[in-house]
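Trainee: When you get a sec, could you give me coordinates for this:
(one chain, ligands or ions: 2)
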Amino acid sequence: MSLPQFKLLRPRTVEEAISLLDDCGQHAGEGPFDSRSGQVRATRIVAGGTDLVPSMQQKLFEPQYVLDIRHIPELKGIRQTDGGTEIGALTTLTQIEHSDFLRKNYSVLTEAARTVASPILRNMGTIGGNICLDTRCLWYNQSLTWRKSCGFCIKKDGDLCHVAPGGTKCWAAFSADTPPALLCLKAEIEIASAKGVRRIPLREFYTGLGDSYRNLAPDELLTRVILPKSSAGYRGVYRKLRIRGSIDYPLAGVAVVLSRSNGHVSHGQVALTAVNPAPVIVKGASELLAGKAVDEKLAEAIGELAARTAKPLTTSALTPEYRREMIRVFTKRALLAAANGLAT
Ligand SMILES: Cc1cc2nc3c(=O)[nH]c(=O)nc-3n(C[C@H](O)[C@H](O)[C@H](O)COP(=O)(O)OP(=O)(O)OC[C@H]3O[C@@H](n4cnc5c(N)ncnc54)[C@H](O)[C@@H]3O)c2cc1C
Ligand code: SF4
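Mentor: Ligands and ions are numbered 1, 2, ... in the order given. Predicted coordinates:
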């Protein structure tokens, strides 16, 4: 499958990148128009390209401009600051996976990063691209010919949903591995545009809609992820369901963190991916865990809560029932594993 035609832009600094985003946005009257967001989608940012390039080959995106940010050094690397740990948006998943500092202090993140795709894709794929990853659906991640023959849908070019017919909402599943880990760690993200810089908790970045799934304007660039000092030292576990263990996107994923004081949980959090249009925190899990010792019964109860939070639909090759059940099982196992890690 060939790539559509586009003009490649290669900024060397963040300043140049946001100026180009601003400029292209303003001069892109003929760019593809996103009817859902009402915005011109003239420019696409490419980082590692491991998701964007196949999507462009499938003609899911046909931007006028592609802004290649790979040559911006200030977006790369892991730095410790007074406020916590900053990870540049261009830091590769391999760098995160192999960072001794992150493994020691934010182990749930290194564990989640290690499960993304395959080693070669992790060498290219970045944390920024993982956070911004497009939502996925059997009816969407297909070639133009396939989509044309089966009928377009709300997420791209059509006005109906094959998964939930009769509805007006897209339920494509958010399917990146690191965001649930980052949610458990209370991560924040920094977003830059010509208007200035804004910093928001990661949980506010996702809309819960399968089509316009992220709060990112066309002229905005994700520049870094910030992990607070208060989350350092949490014990974490990430478990994921996929068809091919060596390479696939998650079809259900659970991240768990725990910290302990006097033999009991002082803080715990559980977050899910690939079973909703956004990565989600399991509401009520923290409260259930607080002050308790994790045993089979408590882990089972939180597994039930997680399964009720998951709303998988037929967006993937595995049935929604199986994916929801695996959320229950993985949550219980992950909690027990994290608690056993704490016991030593
Ligand atoms: C075979 C295969 C298997 C895969 N398996 C997994 C998996 O198991 N788990 C998983 O999580 N992912 C998986 N992926 C997807 C992908 O490899 C990762 O999600 C990777 O982290 C994406 O990062 P990237 O830098 O390549 O993103 P890109 O492809 O460059 O970009 C992805 C999206 O993010 C946007 N973007 C990127 N950087 C920025 C930024 N700084 N600011 C604003 N927007 C930005 C792009 O415009 C695009 O919309 C898989 C991909 C393939 C091809
Ligand atoms: S959930 Fe529905 S609208 Fe969304 S991509 Fe799938 S078929 Fe299309």
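
Trainee: mean confidence score for stretch 219-239?
Mentor: Taken as a whole, stretch 219-239 has a mean pLDDT of 96.

Trainee: Please apply the same query to stretch 48-57.
Mentor: Averaging pLDDT along stretch 48-57 yields 97.

Trainee: Same check on stretch 141-149?
Mentor: On average, stretch 141-149 scores 96.

Trainee: Now do that stretch: everything it contacts.
Mentor: With contacts defined as C-beta atoms under 8 Å, 6 or more residues apart in numbering, stretch 141-149 is touched by 1, 55, 58, 59, 60, 139, 140, 150, 153, 156, 157. The way it works is simple: take the backbone N, C-alpha and C, and place the C-beta from them, glycine included.

Trainee: Tell me who's in contact with the last one.
Mentor: Residues in contact with residue 157, defined by C-beta under 8 Å, 6+ apart, are residue 147.

Trainee: in the sheet, who's paired with it?
Mentor: Under DSSP bridges, the beta-bridge partners of residue 157 are residue 153.

Trainee: What about the contacts of stretch 141-149, which are in helices?
Mentor: Using DSSP state H, the members of the contacts of stretch 141-149 that fall in helices are 55, 150.

Trainee: and which of the contacts of stretch 141-149 is nearest ligand 1?
Mentor: Ranked by distance to ligand 1 (C-beta to the nearest ligand atom), those are led by residue 55 at 7.6 Å.

Trainee: how near is that closest one to residue 134?
Mentor: 6 Å (C-beta to C-beta, to the nearest Å).

Trainee: ok, the two, which is more surrounded?
Mentor: Counted by other C-beta atoms under 10 Å, residue 55 and residue 134 do not tie: residue 134 has more neighbours, with 22 against 16.

Trainee: Of the contacts of stretch 141-149 - the most surrounded one?
Mentor: Most surrounded of the contacts of stretch 141-149: other C-beta under 10 Å gives residue 140, at 24 neighbours.

Trainee: Ramachandran angles for that one?
Mentor: Recorded main-chain torsions at residue 140 are phi -110, psi -50, according to degrees, to the nearest 10.

Trainee: Next up, the contacts around it.
Mentor: Residues counted as contacts of residue 140 (C-beta under 8 Å, 6+ apart) are 60, 147, 153, 155, 156, 172.

Trainee: what's the farthest-apart pair in those residues?
Mentor: Farthest pair in those (C-beta to C-beta) is 147 and 172. Separation: 13.2 Å.

Trainee: out of the two, which sits in the busier spot?
Mentor: The neighbour comparison of residue 147 against residue 172 (other C-beta under 10 Å) goes to residue 172, with 27 against 21.

Trainee: Could you report the pLDDT at that one?
Mentor: 98.

Trainee: For it, give me its contacts.
Mentor: 135, 136, 137, 140, 155, 210, 211, 213, 277, 315.

Trainee: Could you tell me the model confidence score at the fifth one?
Mentor: Looking back up the chat, that one is residue 155. We have a pLDDT of 97 for residue 155.

Trainee: ranges for the helices of the stretch 101-250 of the chain?
Mentor: Secondary structure of the stretch 101-250 of the chain (DSSP state H, counting those that start in this stretch): helices at 107-114, 119-124, 127-131, 144-150, 178-184.

Trainee: I'd like the contacts of stretch 141-149 as JSON lines, with distance to residue 311 appended.
Mentor: Formatted as JSON lines, the contacts of stretch 141-149 follow (distance: C-beta to C-beta, whole Å):
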{"residue": "1", "distance to residue 311": "32"}
{"residue": "55", "distance to residue 311": "24"}
{"residue": "58", "distance to residue 311": "26"}
{"residue": "59", "distance to residue 311": "29"}
{"residue": "60", "distance to residue 311": "24"}
{"residue": "139", "distance to residue 311": "17"}
{"residue": "140", "distance to residue 311": "18"}
{"residue": "150", "distance to residue 311": "24"}
{"residue": "153", "distance to residue 311": "18"}
{"residue": "156", "distance to residue 311": "22"}
{"residue": "157", "distance to residue 311": "25"}
